[in-house]
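Participant: Model the following, please.
(2 chains)
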Amino acid sequence: MSSRGAVYDRGYRPYDGPRGGRKAAVLALYKASMRRAIGLRRSWRQKALPFGLLAVVSVPAAVNVGIGYATRNSPLEGFSFFTYREYVGVSSALLLFVAVCAPDVVCPDRRQRVLPVIFARPLTGSDYVLAKLGAIASLVFAFSILPQVLLFVGQTLVSKDGSLNYLTDNADVLWKVPLAVAALAAYYAALSLALSSLTARRVVAGASIFGLTIISSIVAGILHSADALGGRGPLFNVLALPLLVRDLIFEGHIHEGSDIAGVAGAGALGLVAYLVVLAVCVGVLLWRYRWAER
Amino acid sequence: MPRGLVGLVGANGAGKTTLFRLLLGLARPTEGTIEVCGRAVAADPVGARSRLGYMPEHECLPLDQSAADVVATLGELSGLPARAARQRASEVLDLVGLDEARFRPVGGFSTGMRQRVKLAQSLVADPELALLDEPTAGLDPTGREEMLALVARLGSFGISVLLATHLLDDVARVCDHVLMLDAGRLVVAGPTETLLHQTGKFTVEVNAGVGRLARTLTERGLTVLAGEAALDGEAGAIDVTVGPDPEAVLDTIRDALADLGLPLHRLSSRAASLDEAFTAGGGL
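Facilitator: From the prediction side, this is the model:
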């Protein structure tokens, strides 16, 4: 039997299949950014953080449901650690998530000079911004809504009054939670990506995200303590602005426990501040990729 | 610019990369219009880009991803469906000689392998025109030979190539046409063979009457390259520019020698290099 091998030159086959345009390119970049952020097709170390955080933010829901089940026939029946409103924006966990994932989806493109080959494709700068924003916002949305779904389904199943009654009593949650989580996701994505787009180094970007939120919360705290600006100081806490929008969605006004609750027009002020920060962040992103805007 | 393999030659800073940016619609011309593959770039830059492949001179690859992932993702960004992009990535990586290495991270690749991945990503969407910016930069002699062989094959696949380089020898070996830039100005353009002929030389050596021969050839429209001393002498050699029609030049030399009755000692030809063509065109 012959052991001789052969090398075949298979040549080149032209591609005559379907080609998508700009929309297909944006969708492809969106999917690639999502995959990168959660570590798909990468080593387990890249997967550990996002999925670890998802597990962490799901723990309160599991505990809450477990306690609800254990106490359903006791005087504590109906006890809950937190409400659906309070569970929107498990801020520190989500902040850690965007501080790691947002720099990872934009900084290497700049540092490794991948942008020229990306923009040699049927894409523009605003398409790039849209895809990256969409990817991070979708992940923050998913990571925020999944624990809420776990909480809602769990509470529905263990409710003493019956699942149907729990469902009808809490039907408003079905639109309030997704809306509040969407507002939070868009804001966190825009803020983290805007800061990340200003540098090519992931570490610097991550530190900037943490730094801005910490500094702004300190400034807001000082202004609040000094009772400066007519009590509007808390509006300078950039991390808390989407939580004011959350309050508006859930209660129609700023929650009584908020630092800014006593200020006249606090709800409108909070909404305006939220929109201004969101617009500035999107503006920064478009400005950073304006050279490919053709 | 004709179809096929076209060399874009110029010194550093001549405007080669800027021309690529203009063709990709990533920069705007100060005047004039650009049409690429039948599309006006100013009116439809995204449409123009959809039929182009681009291989930059600099590093441009995500180092922590495998070559297959990089090329497939960039194929999807070019508009290919996901499955087709992965299939094409596999095919073009095979074509550039990275079939077995394609699942390894690009960060572990040598310079030559990275150049091949860069070439593969420019071909993954089967472009009408591939813009290759210094594809042999940083390669050792063997790698350079292999890269030039790959580029030379692209024409047979129906892919036109615009090859930017400052290495005139690369262009002379693989390109059918040459464009030469100097400080953003087009100084020479034409088929490679014609440019080489235009600056090539015939050397005519006679045992007597070289001055009369030179004058006669000049009167008959040829360009004679020789010093005053040679033209005044009896025995000697003169150079005659080959020009676009070498056969006609040879006929003219033969007729002049016959008419003057001069004894021909030697007639030889020497092909020029593109460096000489570039210098003659005012570049470098």
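
Participant: what's the neighbour count on B:Val224?
Facilitator: B:Val224: 17 surrounding residues under other CB atoms under 10 Å in any protein chain shown. C-beta coordinates here come from the backbone N, C-alpha and C atoms, glycine included.

Participant: Now do the phi/psi pair for the residue lying closest to it once chain neighbours are set aside.
Facilitator: Nearest in space to B:Val224, with sequence neighbours left out and distances taken as CB to CB, 6 or more residues apart in numbering or on different chains, is B:Ala214 at 4.9 Å. Main-chain dihedrals, B:Ala214, degrees, to the nearest 10: phi -60, psi -40.

Participant: A:Ala200 now?
Facilitator: Per-residue torsions, A:Ala200: phi -100, psi 0 (degrees, to the nearest 10).

Participant: now swap in B:Val206 and tell me
Facilitator: phi -120, psi 160.

Participant: list the buried ones in the helix or strand containing B:Arg21?
Facilitator: Using DSSP states H and E, B:Arg21 falls within helix B:16-23. Of the residues in helix B:16-23, B:Lys16, B:Thr17, B:Leu19, B:Phe20, B:Arg21, B:Leu22, B:Leu23 count as buried by neighbour count, 16 or more other CB atoms under 10 Å in any protein chain shown.

Participant: Can you give me the pLDDT of residue 14?
Facilitator: Picking chain A for this. The model reports A:Pro14 with a pLDDT of 90.

Participant: actually it's chain B I care about, not the one you picked
Facilitator: We have a pLDDT of 83 for B:Ala14.

Participant: Quick check: beta-bridge partners of the closest residue to it other than its chain neighbours?
Facilitator: Nearest non-adjacent residue to B:Ala14, counting by CB to CB, 6+ apart: B:Leu181, 4.3 Å away. Note on B:Leu181: beta-bridge partners by DSSP bridges are B:Leu186.

Participant: How many residues are close by B:Leu181?
Facilitator: Look at B:Leu181: counted by other CB under 10 Å, it has 23 neighbours.

Participant: same check, this time on B:Arg3
Facilitator: Counted with other CB under 10 Å, residues neighbouring B:Arg3 total 14.

Participant: Phi, psi for it please.
Facilitator: Here is the backbone geometry of B:Arg3 (degrees, to the nearest 10): phi -70, psi 160.

Participant: residues in contact with A:Leu167?
Facilitator: With contact set as CB atoms under 8 Å, 6 or more residues apart in numbering or on different chains, A:Leu167 has these partners: A:Thr156.

Participant: Secondary structure element holding it?
Facilitator: Following DSSP H and E, one finds A:Leu167 within helix A:163-169.

Participant: Show me how far that helix is from its chain's centre.
Facilitator: Computed by CA atoms, centre = their mean, to the nearest Å, the chain-centroid distance of helix A:163-169 equals 29 Å.

Participant: Buried residues of that helix, list them for me.
Facilitator: By neighbour count on 16+ other CB under 10 Å, the buried set for helix A:163-169 is A:Tyr166.

Participant: and the helix or strand just after it, what does it pack onto?
Facilitator: Scanning forward in sequence from helix A:163-169 by DSSP H and E, the next helix or strand is helix A:173-196. For helix A:173-196, the packing partners by 3 or more CB pairs under 8 Å, 6 or more residues apart in numbering or on different chains; DSSP states H and E come out as helix A:84-87, helix A:91-111, helix A:125-158, helix A:202-225, helix A:241-251, helix A:266-288.

Participant: Go through those helices and name the closest to chain B.
Facilitator: Of all the helices and strands packed on helix A:173-196, it is helix A:91-111 that lies closest to chain B, at 6.0 Å by CB to the nearest CB.

Participant: Report the distance from the helix or strand that comes right after that closest one to the chain centre.
Facilitator: Using DSSP H and E, the helix or strand that follows helix A:91-111 towards the C-terminus is helix A:115-118. With CA atoms, centre = their mean as the basis, helix A:115-118 stands 26 Å off its chain's centre.

Participant: Run through who's touching stretch A:119-132.
Facilitator: Residues outside stretch A:119-132 that contact it (CB under 8 Å, 6+ apart) are A:21-22, A:25-27, A:29-30, A:33, A:105-106, A:118, A:193, A:282, A:285-286, A:289-294, B:24, B:26, B:46-47, B:49-50, B:52-54, B:74, B:77-79.

Participant: please redo it, this time with the cut-off set to 6 Å
Facilitator: A:22, A:25-26, A:29-30, A:33, A:105-106, A:193, A:285-286, A:289-290, A:292-293, B:24, B:46, B:49-50, B:54, B:77-78 (CB atoms under 6 Å, 6 or more residues apart in numbering or on different chains).

Participant: Now do the same for the residue nearest to B:Ala14: its pLDDT.
Facilitator: pLDDT, read off for B:Leu181, is 86.

Participant: Now A:Cys101: closest residue in space that isn't a chain neighbour?
Facilitator: Distance criterion CB to CB, 6+ apart; nearest residue to A:Cys101, sequence neighbours excluded, is A:Ala37 at 4.2 Å.

Participant: Any idea how many residues pack against that neighbour?
Facilitator: Other residues lying near A:Ala37 total 23 when counted by other CB under 10 Å.

Participant: which stretch among the helices and strands packed on helix A:173-196 comes nearest B:Glu128?
Facilitator: Nearest to B:Glu128 among these is helix A:125-158; the distance by CB to CB comes to 21.9 Å.

Participant: same question for the closest one, mean pLDDT?
Facilitator: When pLDDT is averaged over helix A:125-158, the result is 90.

Participant: cool, stretch B:242-262 as well?
Facilitator: Stretch B:242-262 comes out at a mean pLDDT of 85.

Participant: And for stretch A:47-60?
Facilitator: Mean predicted confidence for stretch A:47-60 is 80.

Participant: Show me the contact partners of that stretch.
Facilitator: Stretch A:47-60 is contacted from outside by A:Ile38, A:Gly39, A:Val90, A:Ala93, A:Phe97, A:Val100, A:Phe143, A:Pro147, A:Leu150, using CB under 6 Å, 6+ apart.

Participant: Alpha carbons of it, as PDB, please.
Facilitator: Listed next in PDB are the C-alpha coordinates belonging to stretch A:47-60 (Å, rounded to 0.1, in the frame of the first residue of the first chain):
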ATOM      1  CA  LYS A  47     -16.000  34.100  30.800                       C
ATOM      2  CA  ALA A  48     -15.500  34.000  34.600                       C
ATOM      3  CA  LEU A  49     -16.100  37.600  35.400                       C
ATOM      4  CA  PRO A  50     -19.400  38.300  33.500                       C
ATOM      5  CA  PHE A  51     -21.000  35.000  34.400                       C
ATOM      6  CA  GLY A  52     -19.700  35.300  38.000                       C
ATOM      7  CA  LEU A  53     -21.300  38.700  38.300                       C
ATOM      8  CA  LEU A  54     -24.600  37.300  36.800                       C
ATOM      9  CA  ALA A  55     -24.500  34.700  39.500                       C
ATOM     10  CA  VAL A  56     -23.800  37.300  42.200                       C
ATOM     11  CA  VAL A  57     -26.600  39.600  41.100                       C
ATOM     12  CA  SER A  58     -29.000  36.600  41.000                       C
ATOM     13  CA  VAL A  59     -28.200  35.500  44.600                       C
ATOM     14  CA  PRO A  60     -30.500  38.100  46.300                       C
END
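
Participant: Buried residues in that stretch, which are they?
Facilitator: Going by neighbour count (16+ other CB under 10 Å), the buried part of stretch A:47-60 is A:Leu49, A:Pro50, A:Leu53, A:Leu54, A:Val57, A:Ser58, A:Pro60.

Participant: just stretch A:133-144 next, same as before
Facilitator: Buried residues in stretch A:133-144 (16+ other CB under 10 Å): A:Leu133, A:Gly134, A:Ala135, A:Ile136, A:Ala137, A:Ser138, A:Leu139, A:Val140, A:Phe141, A:Phe143, A:Ser144.

Participant: Specify which member of the residues you listed is nearest to B:Arg39.
Facilitator: A:Gly134 (27.9 Å).

Participant: Thought A:Leu29 was touching the closest one, still the case?
Facilitator: No. Between A:Gly134 and A:Leu29 there is no contact under CB atoms under 6 Å: 9.0 Å.
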